[in-house]
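A.B. asks: just the structure for this:
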Amino acid sequence: MAEPSVRVDTVAASEPVRRKSYGSFGLRVGLGAAAITFLLWHYDPQPILHAIARERIGFFAAAVALYIAGQALSAWRWRWLAEMNALPGGYWDYLRYYFIGVFTNLFVPGLIGGDAARALYLGRRHDRLNAAIASVVADRGIGLVSLFWFAAVAAVVFTSIVLPAPVREAVLILGAAAFAGWLLAPLLIRCAPLLPAKLMALVTAFLLYLERPWAILPAIGISIVLQASLAICQYLIALGLGLTSPLSAFLVCVPIANVIASVPLTLNGLGLRETAYLVLLGGIGITHPDAIAMGLLWFAATMTGGLTGIIAFTTTELPSAAVKCGGVND
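C.D. replies: From the prediction side, this is the model:
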């Protein structure tokens, strides 16, 4: 008779977490909507809407297709990292789990809904949830490190694109810090024994990624290709609007805008990216209405690409959880 009470207690304990998750989701949506509302109020919305209507569907579709291809490449990166942690599997399985995460991110409240979903699918399949979580955290972390590197290098290489001094300095500092963190990662392992026992159990599966920073260079290389593809996606959207700015401008501005949009304040960077475009793209001659329209069109493209995950979401069964006496995997 004890099992039902445990389930009730578990459900009751999860209620505050669920309410906090929905509150976080609502706050992010509200902040994004407020930012867009302010931009539309501050700048005449009519030219922005006209710019959006000017977008040629072929270029928009090409941007969506390239975005989806990038997600497929991301699944390959995740599989490579997971196999480092002895989580084997075919690429098709990782592709399905990844797109389940992409789709989940569109609708599930919280900051890491999609990441939690793919970790759950992979962890249940192998009955090694901690290792699965570690692979997802490594995948997300390497993506951010590569973004910071790409943005910093682009800011140095493409000197013809004039960036505001504070933006340039911040990007270079972030890039240098990310590089230093990657080099010094093995030293962080020495601090692991100082962690509480429960936290150490979760961190242990992640330590191998810190032990061998050189071994994750292929994943970083994939991430850099992905960052370039995202810049090309938004270059295609610009071409669809009839803009003639060079690709190099987008290789500089888009990664920096993505750094800003990666701050988890709004849903999928809504509002943050458009504000960043105003500052960055305005410096290369793109008007305010076109910059805001580009941000909104890119948001629409990522949402459209994410919706393709419904195929994997509806056709892939969640593996059953294994039952162990101790209740702890790994």
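A.B. asks: tell me the helix or strand right after the helix or strand harbouring residue 140.
C.D. replies: Assigned by DSSP states H and E, residue 140 belongs to helix 129-157. As assigned by DSSP H and E, the chain's next helix or strand after helix 129-157 is helix 165-183.
A.B. asks: that next one versus helix 129-157: what angle between them?
C.D. replies: Using axes from the mean of the first three to the mean of the last three C-alpha atoms, to 10 degrees, the inter-axis angle of helix 165-183 relative to helix 129-157 is 140 degrees.
A.B. asks: helices or strands up against helix 165-183?
C.D. replies: With contacts taken as 3 or more C-beta pairs under 8 Å, 6 or more residues apart in numbering; DSSP states H and E, helix 165-183 sits against helix 129-157, helix 247-261. (C-beta placed from N, C-alpha, C; glycine too.)
A.B. asks: helix or strand right after that helix?
C.D. replies: Per DSSP H and E, the first helix or strand lying C-terminal to helix 165-183 is helix 185-188.
A.B. asks: who are the packing partners of that next one?
C.D. replies: Using 3+ C-beta pairs under 8 Å, 6+ apart, helix 185-188 is in contact with helix 207-211.
A.B. asks: buried ones in the helix or strand following the helix it packs on?
C.D. replies: Once the chain leaves helix 207-211, the next helix or strand it forms, by DSSP H and E, is helix 217-240. Under the neighbour-count criterion of 16 or more other C-beta atoms under 10 Å, helix 217-240 has 219-220, 222-224, 226-228, 230-240 buried.
A.B. asks: still on that earlier bit, pull the distance from the helix holding residue 140 to the chain's centre.
C.D. replies: Centre-to-centre, helix 129-157 and its host chain are 9 Å apart (C-alpha atoms, centre = their mean, to the nearest Å).
A.B. asks: where does pLDDT dip in the stretch 1-150 of the chain?
C.D. replies: 1-44, 108-112 (pLDDT under 70).
A.B. asks: name the element the nearest residue to residue 304 once chain neighbours are set aside belongs to?
C.D. replies: Leaving aside its chain neighbours, residue 304 sits nearest to residue 64 (5.1 Å; criterion: C-beta to C-beta, 6 or more residues apart in numbering). Assessed by DSSP H and E, residue 64 sits inside helix 57-84.
A.B. asks: now residue 289
C.D. replies: Assigned by DSSP H and E, residue 289 falls within helix 288-307.
A.B. asks: could you give the mean pLDDT of that helix?
C.D. replies: Taken as a whole, helix 288-307 has an average pLDDT of 88.
A.B. asks: elements contacting it?
C.D. replies: Here helix 288-307 touches helix 2-42, helix 45-54, helix 57-84, helix 91-107, helix 217-240, helix 272-282, going by 3+ C-beta pairs under 8 Å, 6+ apart.
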